[in-house]
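1. Sharing a model prediction with you, sequence too.
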Amino acid sequence: MSAYDVMPDMELFQPVTVEDAAALAERLGSRGWVLAGGQDTYGWLKDRAKHPKAMVDLSSIDVLNGIEETDGGGVKIGAMTTLREVSRDQLIRARYGLLAAAAARVASPQIRNQGTLGGNVSQDTRCWYYRRGLSCYRAGGNICYADSPEGMNREHAIFGASRCVAVSPSDTATALVALDATMVIQNTRGVHRVAAGDFFVGPAVNITRMTVLRPGDILTAIELPADWAHAEYYFEKVADRNVWDFALVSIAAAFRTENGTIRDARLVCGAVSCVPRRLTSVERAVIGKPRNDSTGEAVAALASEGARPLNYNHFKAPLMDNLVRRALRA
Amino acid sequence: MSYLHIGKNFTPPDIHGKVTGKARYAEDYSVDGMVYARLYTSPMPHARVVEIDADEALAMEGVFGILTAEDVYPTEAPAPTLLTNEPVYVGDPIFAIAAIDEKTAEDALKKVRVKLEPLPFSVDPVTSLKPDGPSARLEGNIYPREMRSLHWSAEDVERFVTGREPTGPAPSEWSYGDLEAGFDNAALILEESFVTTGYAHMSMEPRSVLSYWQNGRCHVHGSTQSQSFVVPFLARMLGIEQKDLVFVAEYCGGGFGSKISAYPVLAIPGYFSKKLGRPVMLRITREEEYYVGSARVGFQGWIKAGFTREGRVSAVDLYIVQDLGSQQAGGDASSAGGAISILYQPDAMRLRDVPVLTNTTPRGPQRGPGQNQIAAIFEPMMDKAARELGLDPVAIRRLNAPDSSATLNANQGPVTSAYMKEALDRGAELFGWSERIKKSGQRNGSKVTGIGVGQGYHSAGANGFDGLVRITPDGRIHLHSGVGNLGTYSYAATTRAAAEALKCNWENCIVHHGSTEENLPWSSYQAGSNTTFTHTRANYVAAEDAIRKMKLIAAQVLGGTPDQYDIADERVFDIGNAARSLTYGEVAAKAVELGGEFSGETWPEDIHEVTQRAVQGIAGTGLIGVAKDNLPVRGTVPGLTVGFIEIELDLETGKHEIVDFLAVAECGTVLHPLGLAGQLRGGAVWGFGMAGLERHVYDPQNGLPANVGYYQTRPPTYLDIPAHMEWSAVDIADPDNPVGSRGVGEPAMGSATAALMCALSDALGGHLFNRTPVTPDVVVNHVSGQGQSHGPLATNTF
Amino acid sequence: MDIVEFREDVWGREVLLGVSWDLLWVVLTLSAVAIMVHIVVMTFLKSPPRPSAAGLHMERHAAVDRGFHWIMAVSVFVLLFTGVLPVVGVDFSWLTIHWVAGLILTAAVVFHTLRALFWQKPREMWVGADDFREPFDAGTKPGKYSLAQKGMHHAMTALVLLVIGTGLVLFAMIDTPWWNRSNALDESTLGWIFLLHGASTLGLIGLVALHVYFALRPEKRFYTRSMISGWISEDELRANHDPARWSPERSA
Ligand SMILES: Cc1cc2nc3c(=O)[nH]c(=O)nc-3n(C[C@H](O)[C@H](O)[C@H](O)COP(=O)(O)OP(=O)(O)OC[C@H]3O[C@@H](n4cnc5c(N)ncnc54)[C@H](O)[C@@H]3O)c2cc1C
Ligand code: SF4
């Protein structure tokens, strides 16, 4: 084993249409790798921990870029739109401040300049064993090093473990699930749409992938429905550092209130399970209640109900509860 | 005293290159025929190399060769190895491959079949001390200056990890005073067990080295903190004579204690280049920098401290198990004891120390090695004592603070001078302490205010090194600095003591540094905060030697006796008749003419071999001032700092925000204000990292390190530190330095670490975590009352 | 094509990962070929007249045994599908269903074994010298079970026991409501367990395919019926069995 730092040779394709990209990706199958901003990709390749033989670079496909209004009053964001654009765009900030706030908390300014929204939701987990290139379950092996009697798993999951206990690292994923976004996926068989809530998959369903995307699938756009535009939002990410760090726990919440009471709510926690975690029991409990401290106090403990902490991540349960308190307080 | 240069800002000559990108670090050099090396590092925490089959790799096109442990300088355990057949940590370099480029070298590494046989290992000192605990090395598990084995009884281990007074035998111990009497006199006794993390140095520039051989001499372009000090050690590592080494290290992208002298990677390309007959460049990866780049020594320990009713520290009993990592290290415990002995002047004290090897990253001195770990632990204990005795935190520190009559260490030796009370007073005033402390514990939503003060100490000066100045006939003053450019600007700042003595314009001065080809004098290592004190002295004595020679020449040329002459405005003049004078240039021309000691054809006998060669290199080019620093020193030279901090701790998220920070230095006369500010602020940033962020995690099941990248280790970022940090200095001259200055780099970090630890504890009503770092999870666990996830005294788990 | 797969362990050493799932296609193909060949051969062979299902009902399988057969059958199918579908790319949350089915199968097997050993006549399943005359001598008829049936049963038993045994070890390697996973096995042993589990699974797939095929063959369908309703007719009994070796009661 060595600490590799140089990418091996590989083929590079730079298609200009989604159809070509999909065809290439389909043809290459598991030997291929779709490349967006490269912020997740290059780490894997330079460490020589993943071994694709060819890359399909999406950066020359114009239609994948940009933010536009859709007919029903929603917004469509091209998958290749950078996180910086997403966080700064006037339309997004005005209608979906939750997503703008989440995008603005991703990594660091440099990474946001380069990283795309599509890449952010499709990125792989940061479990350090897996990132070391070990052949654990997620890498197609038959063992988990993190969930073991003395495994170092401070950043790992407290929910939804199934052999693998890695968490979803994406900051925008929580916001997109809270906003009930739709992911538009294209492959050689056509275009289909998947709700953000179904886009992310846990290890029980597929232990080697984080999303429904399979080789040959291109995520082309993310659509935000009008239903959750201009709602009351709360986003917070708790990380060790204030920039250039992954969430220890994060929360994205959207509320619709009427006459001072909550009519509808979607609360989603990040970094507590392999997929963004909808806090459905909290959502049910807050409906009809005012958005204030005492509601927060009353429902907070529901957030972490059923949590199964590992050796080093007990803190995530109270932290989740606290973030729910804060979401209801703000 | 008013100075021309001392205490004034200036533009160090390397600044321009750094901001324009023109600076040439080792990896920026390129020579014809250069090939690139890559390391194969151990995947196992402890193993024996059974077989290395490189045939397939060596048959690849563009691959030039392999370098193994058999090819390099052998060392004896636990000294660092260049390459090894008994790797003792994950990441220990086993062999290197050279190829036409780095990609090919990495492709080749994949093709080498290496058979390793795993050996027992441990990543936790206490685990190794258990009755049947594994030893990090075949030769044993402890290193009290020699390899031995030590195992405690199960009961000893149990007592230690549960925080009771340790009973396990400790191989080294020192003490002074009557400990029992000290505790008998105490009105308050505090007992705490603690653990501090030994995290990576994280030099921004991963080690890069270029080596080639020319005319029998080995050229090494490297990255080191020191310059001249490296030469004898690197020559020995390469198995050559000092004169056959050309060592260039003009810039260093950070070392922090990990690049003080010659380190193994520095010598690998030299061997490889010789074996291949080609220049070899080795640029190690960021991940490898986490392996070979070393880390701080971690502590697992226990302290008992006695306080009189008035708040005087009457006795301290300190017990430390050191995590030395996998190689030779270990002055930290004793330094920690030394720091307590000076900062609180206890009447009696004992230190017991168990230096244990683990199969983790090699450790080495890291900014305030020992002093800063203990500052993080003991300063919050001072606050606890203050709380229990009804004293103010600043007041209790002031009561115990060292002054110029202070004594320290086991031998209770003297100091050159110390003005800690003045530093505390200055800081308390500037910080508005008496008003601020009233905010302690104030709630604002989920946030609580915490106020803290912390002190730092490190010995900060050595002596006995050489200075070298030269005045050329063109009137230029050449200041030869053997000091390395570790980023503090001291290589240039200390030469200003010579410029000061020579009363010359800085614009006329040329600083020579960064390469043996620049003819540099023997110098101390750039570590231990010593350079300012040490090299202002050395530069000063060299300038004095030049002045003596100039006066001799003036007397010879203009008549009269040398003591009739003085210097000013770059002239030697007759005190009685200022019109009778020679310019420095004229004197220099005369010196060349006269030869002998004037132009460096002869030199004082007591100067170091390195300096002798430097003098030979410039002999005949001007008037040479060269001397060894034989000035008197009356004791330890203390570098002292105080940090004041206000934070807001969010009880719901466990995160803190630093609202305000002030650092006060007590380092004698300020030599270079911007340089000092950089040390105080930079030290503070690092201190905040140690107290609240930086992690060092090993999986005990397989010895793998979790932190091999910046984002995993978490050094502080811009957004984790206050936008502005004020600083000040006591600025009272030290009598043992000709310009009154002492060093201060290391304590600047310790006081900030301590201040933040104190503020975190203050915000939580005095709760002591007794552990660094205090990360958000630790705070959340505490506040939620659910207990911590990590076991008692568990190390390398945070 | 690989037969077994390898991976690197935590220290970079090569260890067994398990069986190569390429073999799944091999097993499926071989089973299909075998079945096809059998169909072709049977089509050209002159088949004896089929005995009538009318007449007296003779008990072949008691209700409990039938119940347990079908419980085992269902759990084996569930196990095979939950185990294999994810391998061929069908994503669903399979693991819990898999181990629950595994536990049911284990319980059924334990029950069946105990019942067969202590409450039934295990001898009926024993393969004796006589059995080997069956294929060569049209006059020799089997007792309760033909040699083929015994062979099928024993092969199935071996594979099921192997798959259960390894499955139970693997069960200890995951988190369940009752325990957290342990690291009790070293990585190469784990690889062996996975290999055996996978290999026995592949064997079972082949065997199940044949078993189902024979169960559906016209001349054997009365056995399938007997596994549902419990009886065969007197005529069927006479045509296929030697009353000296097996004389069942009349069915209720
Ligand atoms: C040091 C560091 C810190 C980070 N911190 C954070 C953080 O705090 N929060 C956070 O959320 N992320 C963080 N990241 C991750 C990074 O921000 C995201 O990975 C980034 O948004 C990825 O976008 P990209 O365009 O660069 O993706 P790429 O690396 O190009 O792609 C990522 C993955 O998605 C796939 N992919 C990308 N686009 C498509 C598409 N259109 N269709 C199909 N597949 C696609 C790629 O094949 C690849 O597998 C960090 C990364 C680093 C290196
Ligand atoms: S948590 Fe998942 S990614 Fe991490 S080691 Fe376990 S299986 Fe691999």
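-> Cool, got the structure. Ligands and ions are numbered 1, 2, ... in the order given.

2. give me the residue from chain C nearest ligand 1.
-> Per C-beta to the nearest ligand atom, the residue of chain C with the smallest distance to ligand 1 is C:Asp91, at 16.8 Å. Yep, even glycine has a C-beta here, placed from its N, CA and C like the rest.

3. now swap in the stretch 201-330 of chain A and tell me
-> Closest point on the stretch 201-330 of chain A to ligand 1, by C-beta to the nearest ligand atom, is A:Leu219, at 3.6 Å.

4. Give the bridge partners for that residue, please.
-> As for beta bridges, A:Leu219 partners with A:Ile185 under DSSP bridges.

5. Quick check, the residue of chain C closest to ligand 1 in contact with A:Ile207.
-> No. Counting by C-beta atoms under 8 Å, C:Asp91 does not reach A:Ile207; the two are 10.0 Å apart.

6. In the stretch 1-150 of chain C, where is pLDDT below threshold?
-> Within the stretch 1-150 of chain C, no stretch has pLDDT under 70.

7. got it, and chain A?
-> Judged by pLDDT under 70, the stretches of chain A that qualify are A:1.

8. OK, contacts around the residue lying closest to B:Asn400 once chain neighbours are set aside?
-> Once flanking residues are discounted, B:Asn400 sits nearest to B:Tyr344: 4.3 Å by C-beta to C-beta, 6 or more residues apart in numbering or on different chains. B:Tyr344 is in contact with B:313, B:316, B:378, B:382, B:400, counting by C-beta atoms under 8 Å, 6 or more residues apart in numbering or on different chains.

9. Of these, which is the nearest to ligand 2?
-> Using C-beta to the nearest ligand atom, these come closest to ligand 2 at B:Phe378, 38.6 Å.

10. Just the element for that closest one, please.
-> helix B:371-389 (DSSP states H and E).

11. Any idea how far that helix is from the middle of the chain?
-> Distance of helix B:371-389 from its chain centroid, counting by C-alpha atoms, centre = their mean, to the nearest Å, is 23 Å.

12. higher neighbour count, C:Asp91 and A:Ile207?
-> Ranked by neighbour count (other C-beta atoms under 10 Å in any protein chain shown), C:Asp91 and A:Ile207 place A:Ile207 first, with 23 against 15.

13. sorry, back to before: what's the closest of the contacts of B:Tyr344 to B:Ser523?
-> B:Phe378 (33.4 Å; C-beta to C-beta).

14. For the closest one, which non-adjacent residue is spatially closest?
-> B:Ile340 (6.1 Å).

15. Verify the stated contact: the one you found with B:Pro346.
-> Yes. When contacts are counted by C-beta under 8 Å, B:Ile340 is listed as touching B:Pro346 (6.8 Å).

16. Please enumerate the shared neighbours of these two.
-> By C-beta under 8 Å, 6+ apart, the residues touching both B:Ile340 and B:Pro346 are B:Val316.

17. so who does the residue of the stretch 201-330 of chain A closest to ligand 1 touch?
-> A:79, A:118, A:121-122, A:183-185, A:213.

18. ok, now with 7 Å
-> With contact set as C-beta atoms under 7 Å, 6 or more residues apart in numbering or on different chains, A:Leu219 has these partners: A:79, A:118, A:122, A:183, A:185, A:213.

19. Helices along the stretch 51-200 of chain A, start to end?
-> A:83-88, A:90-95, A:97-104, A:109-114, A:117-122, A:128-131, A:171-178, A:196-199 (DSSP state H, counting those that start in this stretch).

20. And the second one, what does it pack against?
-> It refers to helix A:90-95. strand A:67-69, strand A:75-78, helix A:97-104 (3 or more C-beta pairs under 7 Å, 6 or more residues apart in numbering or on different chains; DSSP states H and E).

21. still on that earlier bit, could I get the contacts of A:Leu219 as a markdown table with distance to B:Gly133 and neighbour count?
-> Formatted as a markdown table, the contacts of A:Leu219 follow (distance: C-beta to C-beta, whole Å; neighbours: other C-beta atoms under 10 Å in any protein chain shown):
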| residue | distance to B:Gly133 | neighbour count |
| --- | --- | --- |
| A:Ala79 | 54 | 28 |
| A:Gly118 | 51 | 26 |
| A:Ser122 | 46 | 23 |
| A:Met183 | 53 | 26 |
| A:Ile185 | 54 | 22 |
| A:Leu213 | 48 | 21 |
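
22. Under the pLDDT cut-off, which ranges of the stretch 201-350 of chain B? List them.
-> Using pLDDT under 70, nothing in the stretch 201-350 of chain B is flagged.

23. need the helices for it, in chain order.
-> Counting by DSSP H, counting those that start in this stretch, the helices of the stretch 201-350 of chain B are B:230-238, B:264-276, B:286-292, B:332-343.

24. Give me whichever of those helices is most buried.
-> Stretch with highest mean neighbour count among the helices of the stretch 201-350 of chain B: helix B:332-343 (a mean of 27; mean count of other C-beta atoms under 10 Å in any protein chain shown).

25. can you tell me which residues contact the residue of the stretch 151-300 of chain B found nearest ligand 1?
-> Closest to ligand 1 within the stretch 151-300 of chain B is B:Arg286: 11.4 Å, counting by C-beta to the nearest ligand atom. Listed by C-beta under 7 Å, 6+ apart, the contact set of B:Arg286 reads B:206, B:709.

26. can you list the residues of the stretch 101-250 of chain B near chain A?
-> B:102-103, B:106-107, B:109 (C-beta under 7 Å from any C-beta of the partner chain).

27. how many other residues sit next to the closest residue to ligand 2 within the stretch 51-200 of chain C?
-> In the stretch 51-200 of chain C, the residue that lies nearest ligand 2 is C:Arg181 (10.5 Å; C-beta to the nearest ligand atom). C:Arg181 is flanked by 20 other residues according to other C-beta under 10 Å.

28. cool, and B:Trp686?
-> If you count neighbours by other C-beta under 10 Å, B:Trp686 ends up with 25.

29. same thing with B:Thr361?
-> Neighbour number of B:Thr361 under other C-beta under 10 Å is 30.

30. isn't it right up against B:Ser294?
-> Yes. If you go by C-beta atoms under 7 Å, B:Thr361 and B:Ser294 touch, sitting 6.3 Å apart.
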